[in-house]
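Quick one, structure for this:
(4 chains)
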Protein chains: 2
Amino acid sequence: MKQSVRLTKLELAIMNAFWRMGAASVREVQDSLPGKKRPAYTTVQTVVYRLEEKGALRKVKRIGNAYVFEPAITREAAQRRLIDDLLDLLDGSTRPLMAHLMDSGKLSLDDLREIEDRLKRQEAGKTEGAPRGGRKAGAK
Amino acid sequence: MKQSVRLTKLELAIMNAFWRMGAASVREVQDSLPGKKRPAYTTVQTVVYRLEEKGALRKVKRIGNAYVFEPAITREAAQRRLIDDLLDLLDGSTRPLMAHLMDSGKLSLDDLREIEDRLKRQEAGKTEGAPRGGRKAGAK
DNA sequence: GACGCGCTACTAGTCTTGTCGTAGATTGAC
DNA sequence: GTCAATCTACGACAAGACTAGTAGCGCGTC
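Residues are numbered from 1 along each chain as shown, chains lettered A, B, ... in the order given. Predicted coordinates:
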């Protein structure tokens, strides 16, 4: 049941292009990469193909002799995987994470307020019915 | 001025052993690794040597014919690097991070309260002098 | 002083990621 | 139908990480 895919830096940069553009050809993706880190066409091509193998992209059609790909996973899922991997490395504890975010000024009070609101809504919302088959334990 | 070292999963597992034990020999580290993921002695040895080259460990003495190593970087510094790398991948935004932590129930309201308090104290303490443009983060 | 054990030092193979080139196929334009 | 442009398909290679084996040295023991 592992549908989540681990992406490397370059793979993520390329996926970002797809999430931004929806569906695109290798050429379009390469053109869209910011100048400084724009690899050769075939480099982008190789990574796109690898992403397809990994299940992060899928071919949707051809235009001319070129394939058009689109994302097969959401940005959220990919980010989730990234974060879970990090938490795993941190032994599952969010403490060092939060501590560092605060120390480095990456978390503002406003950010916190927003999160707090959301968390409250979440807690409130989950006591009423609609179990939303999310992550029930039983999953074989 | 780059003193921070990027650690991989195995390297981190080994550093964790050192942070836990203080100073140790390769043998001690290997023995301390949890059974499931205990690599061969020479594998641990190779990684320990690599960590020394990277500056994450240093030799402190010999006991018998064996070297004893100790951490040359703190766990906090290593974790900081991990987190900064992640933020880099997330385009510097903490939003998806916080959102996922909440969704997966890794952040409680209590956690948030604590963080909020700390953040407030921090802000109060820094209004004097240093302007520190909050999140501009850029700092190459 | 000889022996064996454990440790170091070195070597080596495999995998992943990033990088790109080349050959050949396809296509649109004439 | 021919041609040039553009893609795909495939191969290659370097670096880094992970994995582990082997050779040989040194230390403690008898």
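
Tabulate the CA atom coordinates of the helix ranked longest in chain A in CSV.
For chain A, the helix that runs over the most residues, judged by DSSP state H, is helix A:109-125. Output in CSV follows, covering the C-alpha atoms of helix A:109-125 (Å, rounded to 0.1, in the frame of the first residue of the first chain):
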residue,chain,number,x,y,z
LEU,A,109,3.0,34.5,15.9
ASP,A,110,0.5,35.0,13.1
ASP,A,111,1.5,31.6,11.7
LEU,A,112,0.8,30.1,15.0
ARG,A,113,-2.6,31.7,15.4
GLU,A,114,-3.6,30.3,12.1
ILE,A,115,-2.5,26.9,13.0
GLU,A,116,-4.2,27.1,16.3
ASP,A,117,-7.5,28.0,14.7
ARG,A,118,-7.2,25.2,12.3
LEU,A,119,-6.3,22.7,15.0
LYS,A,120,-9.3,23.8,17.1
ARG,A,121,-11.7,23.4,14.1
GLN,A,122,-10.2,20.0,13.5
GLU,A,123,-10.8,18.9,17.1
ALA,A,124,-14.3,20.2,17.1
GLY,A,125,-15.1,18.6,13.7
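
So which elements touch it?
Other elements packing on helix A:109-125 under the criterion 3 or more C-beta pairs under 8 Å, 6 or more residues apart in numbering or on different chains; DSSP states H and E are helix B:95-103, helix B:109-126. Every C-beta, even on glycine, is put in place using the N, C-alpha and C of the backbone.

rerun that using 6 Å as the cut-off
helix B:109-126 (3 or more C-beta pairs under 6 Å, 6 or more residues apart in numbering or on different chains; DSSP states H and E).

what is the orientation angle of the helix it packs on with helix A:109-125?
Orientation check (axes from the mean of the first three to the mean of the last three C-alpha atoms, to 10 degrees): helix B:109-126 against helix A:109-125 gives 170 degrees.

Any buried residues in helix B:109-126, and which?
Residues of helix B:109-126 classed as buried by neighbour count (16 or more other C-beta atoms under 10 Å in any protein chain shown): B:D111, B:L112, B:I115, B:E116, B:L119.

Could you do stretch A:64-79 as well?
For stretch A:64-79, the neighbour count (16+ other C-beta under 10 Å) marks A:Y67, A:V68, A:F69, A:P71, A:A72, A:I73, A:R75, A:A78, A:Q79 as buried.

avg pLDDT for the longest helix of chain A?
If you average the pLDDT over helix A:109-125, you get 75.

which one is A:K54 nearest to, not counting chain neighbours?
Leaving aside its chain neighbours, A:K54 sits nearest to A:V5 (5.0 Å; criterion: C-beta to C-beta, 6 or more residues apart in numbering or on different chains).

Any idea how many residues pack against the one you found?
For A:V5, the neighbour count with other C-beta atoms under 10 Å in any protein chain shown is 17.

That one: what secondary structure?
Secondary structure state of A:V5, per DSSP: H, G, I helix; E, B strand; the rest coil, is coil.

for it, what are its contacts?
The contact partners of A:V5, taken as C-beta atoms under 6 Å, 6 or more residues apart in numbering or on different chains, are A:K54, A:G55, A:A56.

Give me the phi and psi angles of A:L107.
A:L107 adopts backbone torsions of phi -120, psi 120, taken as degrees, to the nearest 10.

those strands in chain A, which residues are they?
Ranges of strands within chain A are A:57-63, A:66-71, based on DSSP state E.

what does chain A put close to DNA strand C?
A:6, A:8-11, A:37, A:39-40, A:42-43, A:45-47, A:50, A:62, A:64-65 (C-beta under 7 Å from any atom of the strand).

Could I have the buried ones of the contacts of A:V5 as ChimeraX selection syntax?
To isolate the buried ones among the contacts of A:V5 in ChimeraX, judged by 16+ other C-beta under 10 Å, type:
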select /A:56
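
Show me the contacts of A:V5 that map onto helices.
Residues of the contacts of A:V5 located in helices (DSSP H): A:K54.
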